[in-house]
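Student: sharing a model that was predicted from the sequence below.
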There are 2 protein chains.
Amino acid sequence: MQVISSKDNEIVKNIKKLKEKKYRDLENAYIIEGIKLVKEAIYENAKIRQIIMCENYADNKEIDKETLYEISKYNLIYVTEKVFNTITDVKTPQGIIAIVEKNNSTCEINYSEEIIIALDDVQDPGNLGTIIRTADSANLKQIILSKNSADPYNPKVVRSTMGGIFRVNIIEVDNLEETLKQTQKNGFKVMVTVLDTQKSIFDANYNKKVIVIGNEANGISKSIQNIADEKVKIPMLGKTESLNASVAAGVMIYEYVRKKAKSI
Amino acid sequence: MQVISSKDNEIVKNIKKLKEKKYRDLENAYIIEGIKLVKEAIYENAKIRQIIMCENYADNKEIDKETLYEISKYNLIYVTEKVFNTITDVKTPQGIIAIVEKNNSTCEINYSEEIIIALDDVQDPGNLGTIIRTADSANLKQIILSKNSADPYNPKVVRSTMGGIFRVNIIEVDNLEETLKQTQKNGFKVMVTVLDTQKSIFDANYNKKVIVIGNEANGISKSIQNIADEKVKIPMLGKTESLNASVAAGVMIYEYVRKKAKSI
C-alpha cells in the first residue's frame, strides 16, 4: 500500500483545488466527505473518480468488510492523517473522501413531474442543501437553479443534501426568467410567494406548478414576480415578515405532499 | 465623544467574554449585532444594557435620524473600527452591537397555548434559530429546550431568529422528560415523530399538543418516545430517512397553522 505523505503531492493538490468553484466547474467534479455519503454515492451509481482514505482508515471498527470491499473496486489512494487534514472540510474528519463527477448530464427539464422547484438566487449553502434534501424527501427529481445561487457542489451544500445531491437533477440556468417562460409554454404555471396577496399557499393547487423560492434577503426578483401566474403567501401570524428560505420551501413542498396523499 | 481605541480596554474585554456561553450564563446577557436586530430589540422593549457603535457609525447614510435618537437614549459607547472588528461575529460588520439581557424571566410554561414546541437536543445553532423564527411566525410564544440543545443566546442562533429571540419565551429545562410529564398533567398530549408508524402528521390533530423535535443525528430519545401519547411520521416519499430538523419543525408548525385557519 502506497501512502502519500506530502501535502505538495500533485494528486493531493488537485483534490484540494476542488474546494474552489472555479476548479469544480473546470473538472466537472466535486468532493464528498464521510462514509455515509460515499456509501450513498456507490449505491446511487454516482460516477466516482477517486476515493481518498486516511492510511489507518481500514482499521476503523465501524466500517464493515463489505463496504471496504466495495470501496476497493474504485481508484483508491491512501494519504497520511496529516495530509488528510489539509483536504478535509469538517472539524472531525472520518478519514474518507471521494471525488465524484457532477450529475448534470442533462439540462433538459422533465415536464412529466407535477411540481418543479425553482430557486431564485438562494445564496446560503445550508439552505440550498436543505432544499435539495427536502425535494428528495418528496421524491421530486429536479430543481432549477438561477445563476447567482450558491454552488450546489460546494462541500457544505453537498453535506446538507444528505445524499439528495446524487438523486436530484440540478438544472443550473443562465436566465431563470427565460427558463420559467419555457415551463409556461410547456403547460406549467409559475407560482411565487409575495407579501401583498390574500391567497394562502393552502388554497392553491399544486398541479403542474413551478414553485419559486426567493433570495434570503430580497425574496423573489421583480421580473419573475411580473411573469408569475399565481401569487400566494405563507400565512405570517406573528411579527416576522418571512420564513427562512429552506423552511418556506419545506412548508410548500409538504403542502403538495399532503394534497397529493389526500387525492389518492 | 469618547472613543475606545484599545482592544484591552476592560469594557471591550467584558463584551468579548459574552461570546462564550459560560459568561452569557454568568452575566445573564448576550450580544446582538446589526441595526435590524438593535431596532427590533428597542421596539420589543428588550432590556438593552449597552449599545456599542463604531466611531463613524452615525455617518452611515442608511441610518435615519430617528433611529439614532432612539439609540442615544441607551448606555452608549464608541469604539474604533479596529476594536469593533475584534468584537464582531460576522464577516461584513455593520458597526453596531448591543448587549441585551436574556428574556428568561419566567420558566413557567403557559398552558393556554394550543401547541407547544419542545426541542430534544437540537444542536445546530442554525436549526435552533430557524425553529425560533418559525415559531414566532406562527405566533407561538414559547419553546421548551432540553439541557443539551444549542445555547439560544449563541450569536448564530440569535441572528437566525430574525428577532424571534425577543418575542419567544425560551424555557430551558434540566430534564425534558419530567417537563413533558408535567405538560401531560396539565392536559397536553406529547406528540413525537418516529419512522415506524403509519400515522401521518396530516392525520393528527393539533389541539393541546406538545410537538417534540429531535436531535439532528439521533432523532427523539427513547425515554421520550416511551412517554409519548402519539407517534406520527412525516411522509418520506423518496430515499431519505428524514428531513432537516428545522424543516421538520416548520412542516409541523405550519400544518397546525393550516388546520387552525380551516377551523375558523
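Tutor: Perfect, thanks for sending it. Numbers count the residues shown, from 1 in each chain, chains lettered A, B, ... in the order given.

Student: for the lowest-mean-pLDDT helix or strand in chain A, could you pull out the residues that count as buried?
Tutor: Of all helical and strand segments in chain A, the minimum by mean pLDDT, DSSP states H and E falls on helix A:65-72, at a mean of 89. Neighbour counts using 16 or more other C-beta atoms under 10 Å in any protein chain shown place residue A:71 of helix A:65-72 among the buried residues. C-betas here are computed from N, CA, C, even on glycine.

Student: list the helices and strands the next helix-or-strand element following it packs on?
Tutor: Counting by DSSP states H and E, the element after helix A:65-72 in chain order, helix or strand, is strand A:76-79. Packing partners of strand A:76-79 (3 or more C-beta pairs under 8 Å, 6 or more residues apart in numbering or on different chains; DSSP states H and E): strand A:3-4, strand A:48-54.

Student: partner strands of strand A:76-79, parallel or antiparallel?
Tutor: strand A:3-4 (parallel), strand A:48-54 (parallel) (DSSP bridges).

Student: pLDDT averaged over that strand - what is it?
Tutor: Per-region confidence: strand A:76-79 scores 94 on mean pLDDT.

Student: how far does that strand sit from its chain's centre?
Tutor: 27 Å (C-alpha atoms, centre = their mean, to the nearest Å).

Student: what lies in contact with whichever helix or strand comes after it?
Tutor: Next along the chain after strand A:76-79, taking DSSP H and E as the criterion, comes helix A:81-87. The contact list for helix A:81-87, computed with C-beta atoms under 8 Å, 6 or more residues apart in numbering or on different chains, reads A:4-7, A:9, A:12, A:15-16, A:31, A:52, A:54-56, A:79, A:93, A:95, A:97.

Student: from the chain's centroid, how far away is the least confident helix or strand of chain A?
Tutor: The answer for helix A:65-72 is 26 Å, by C-alpha atoms, centre = their mean.

Student: extract the CA atoms of it and return them as PDB.
Tutor: Extracted C-alpha coordinates of helix A:65-72, given in PDB (Å, rounded to 0.1, in the frame of the first residue of the first chain):
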ATOM      1  CA  LYS A  65     -15.700  -5.600   5.400                       C
ATOM      2  CA  GLU A  66     -18.400  -5.500   2.700                       C
ATOM      3  CA  THR A  67     -18.200  -1.700   2.400                       C
ATOM      4  CA  LEU A  68     -14.400  -1.900   2.300                       C
ATOM      5  CA  TYR A  69     -14.600  -4.400  -0.500                       C
ATOM      6  CA  GLU A  70     -17.000  -2.200  -2.500                       C
ATOM      7  CA  ILE A  71     -14.600   0.800  -2.000                       C
ATOM      8  CA  SER A  72     -11.600  -1.300  -3.100                       C
END
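
Student: where does chain A dip in pLDDT?
Tutor: Along chain A, the model assigns pLDDT under 70 to residues A:104-106, A:264.

Student: the longest helix belonging to chain A vs helix B:245-263, what angle?
Tutor: The longest helix of chain A (DSSP state H) is helix A:245-263. Here helix A:245-263 runs at an angle of 50 degrees relative to helix B:245-263 (axes from the mean of the first three to the mean of the last three C-alpha atoms, to 10 degrees).

Student: and chain B, is helix A:245-263 touching that?
Tutor: Yes. Helix A:245-263 lies within reach of chain B by C-beta under 8 Å from any C-beta of the partner chain, at A:246-251, A:254-255, A:257-258, A:261-262.
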